[in-house]
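Participant: Sequence first, then the predicted structure:
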Amino acid sequence: MIKDLINIDLELMPLQGLDIHIIKKYNIRTSTSESFTTENLCILLIKNGKFKIQIKKAVQDLSPWDLLVVPKNSNCRILEANEKLQFFLICFSSEFAFKNCLKKELVESFYFFIRNIPIKIVLDEKEFLVLSLIYKLIYFVNKDTKDKGLDFELQRISFNLFLYELKLIYSKYTLDSALNFSRNESLIIQFLTVLSIHCKKQHYVNFYASVLYITPGHLNKVVKQLTGKTAKELIIESIIIEAKNLLEDTQFTISKIAEELEFSSISSFSLFFKKHTAFTPTMYRSNSIERFKLR
């Protein structure tokens, strides 16, 4: 069962790129002699029971309130799962995270979905209760998506809450056990940090590569390897997120937004925005106002 949940095609989900489950009764379908490779990143939170899984060469023995981050492309084998096992499971793609994260939470939580080794954290009762409530929030947002259609704002809020809580837990955990990043992982985190600060004004890969003292080609290669997207694509997504946030605030004119985002004219901003969203800035603003009225 866990194999099927982890390896589901996230692109076919109602919230494209994300899937979440609350498992109250675990049905064992994967033999302990069968190994499998994870196709998605997943984060597992144990509520009740015992669960033992081998990830790569390390055995993870999980009990209630344990959190386990299982990296994508990990070779796994389930060793034990008792009949009382209950857990929360969320899988999401890096593409989903880039589209839905506030930049601050993305940068500070990015290590969770670029690490190539599993992370196990033993939570205290308060941490477990808070995180389990956020799992439930995301679960019901996902369920409502199937029944009623998307609420993008609630989707973003719930997912960012999840990453924020993970960040707090991880920060506490690393006080006792610091985890080392590879050179490429460190480079990605540095790139995202610089991007979060400068994306409004700096729209080209050359700027970010020069700040990081590497070539644009090398930056694109590393970013593509770890995120599935080029540095340019992430820059564009960051600009679009900033533009949408500004357009949703009606105190800013479109002319002022174009100026704030360092476009040479309203027309160049409009062409850029429409190319990457299929809407003109005016259409997007009108739609966001209508969505607000319907809440």
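Facilitator: Received, thanks. These figures come from a predicted structure and were not determined experimentally.

Participant: Now tell me what touches stretch 220-231 from outside.
Facilitator: 93-95, 98, 114, 184-185, 187-188, 191, 205, 208-209, 216, 219, 232, 234, 237 (CB atoms under 8 Å, 6 or more residues apart in numbering). Just so you know, the C-beta spots here come from the backbone N, C-alpha and C atoms, and that holds for glycine as well.

Participant: So which residues of the stretch 51-200 of the chain form helices?
Facilitator: Counting by DSSP state H, counting those that start in this stretch, the stretch 51-200 of the chain has helices at residues 94-100, 103-109, 125-148, 152-174, 183-198.

Participant: helix or strand right after the last one?
Facilitator: Towards the C-terminus, the helix or strand next in line after helix 183-198, according to DSSP states H and E, is helix 205-211.

Participant: Need the helices of the stretch 51-200 of the chain in a markdown table (columns: distance to residue 15).
Facilitator: Listed next are the helices of the stretch 51-200 of the chain as a markdown table, based on distance: least, CB to CB, whole Å:
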| stretch | distance to residue 15 |
| --- | --- |
| helix 94-100 | 8 |
| helix 103-109 | 17 |
| helix 125-148 | 6 |
| helix 152-174 | 6 |
| helix 183-198 | 22 |
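
Participant: between those, which gets the lowest average pLDDT?
Facilitator: Comparing mean pLDDT across the helices of the stretch 51-200 of the chain, the weakest is helix 103-109, with a mean of 57.

Participant: Pipe the helices of the stretch 51-200 of the chain into a markdown table and attach mean neighbour count and distance to residue 257 per row.
Facilitator: Putting those into a markdown table (neighbours: other CB atoms under 10 Å; distance: least, CB to CB, whole Å) gives the following:
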| stretch | mean neighbour count | distance to residue 257 |
| --- | --- | --- |
| helix 94-100 | 20 | 20 |
| helix 103-109 | 20 | 17 |
| helix 125-148 | 16 | 29 |
| helix 152-174 | 17 | 19 |
| helix 183-198 | 17 | 17 |
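
Participant: Out of the ones you listed, which is closest to residue 87?
Facilitator: Across those, residue 87 has its closest neighbour in helix 125-148 (9.6 Å, CB to CB).

Participant: How about residues contacting that closest one?
Facilitator: With contacts defined as CB under 8 Å, 6+ apart, helix 125-148 is touched by 13-15, 18-22, 45, 47, 64-65, 67, 88, 90, 123, 151, 154-155, 158-159, 161-162, 165-166, 169.

Participant: Dump it to CSV, restricted to CA.
Facilitator: Output in CSV follows, covering the C-alpha atoms of helix 125-148 (Å, rounded to 0.1, in the frame of the first residue of the first chain):
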residue,chain,number,x,y,z
GLU,A,125,3.5,15.8,21.7
LYS,A,126,2.9,19.5,20.8
GLU,A,127,4.9,19.2,17.6
PHE,A,128,2.9,16.1,16.6
LEU,A,129,-0.4,17.7,17.3
VAL,A,130,0.3,20.9,15.4
LEU,A,131,1.7,19.0,12.4
SER,A,132,-1.1,16.5,12.4
LEU,A,133,-3.6,19.4,12.3
ILE,A,134,-1.9,20.9,9.3
TYR,A,135,-1.9,17.5,7.5
LYS,A,136,-5.7,17.4,8.1
LEU,A,137,-6.1,20.9,6.8
ILE,A,138,-4.3,20.1,3.6
TYR,A,139,-6.2,16.9,3.3
PHE,A,140,-9.6,18.6,3.5
VAL,A,141,-8.4,21.4,1.1
ASN,A,142,-7.5,18.6,-1.3
LYS,A,143,-10.8,16.8,-0.7
ASP,A,144,-12.8,20.0,-1.4
THR,A,145,-10.8,20.4,-4.6
LYS,A,146,-12.2,17.2,-5.8
ASP,A,147,-15.8,18.2,-4.9
LYS,A,148,-16.0,21.9,-5.4
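
Participant: just the angle between that helix and helix 152-174, please?
Facilitator: Relative orientation of helix 125-148 versus helix 152-174 (axes from the mean of the first three to the mean of the last three CA atoms, to 10 degrees): 160 degrees.

Participant: Please state the offset of helix 125-148 from the chain centre?
Facilitator: Relative to its parent chain, helix 125-148 has a centroid offset of 15 Å by CA atoms, centre = their mean, to the nearest Å.

Participant: what residues are up against residue 277?
Facilitator: The neighbours of residue 277, taking CB under 8 Å, 6+ apart as the test, are 240, 244, 284.

Participant: need the contact list for residue 81.
Facilitator: Counting by CB under 8 Å, 6+ apart, residue 81 touches 2, 26, 28, 49, 50, 51, 52.

Participant: Report the two of these separated the most.
Facilitator: 2 and 50 (13.8 Å).

Participant: More neighbours: these two, which one.
Facilitator: Neighbours were counted for residue 2 and for residue 50 using other CB atoms under 10 Å; residue 2 has more, 26 against 16.
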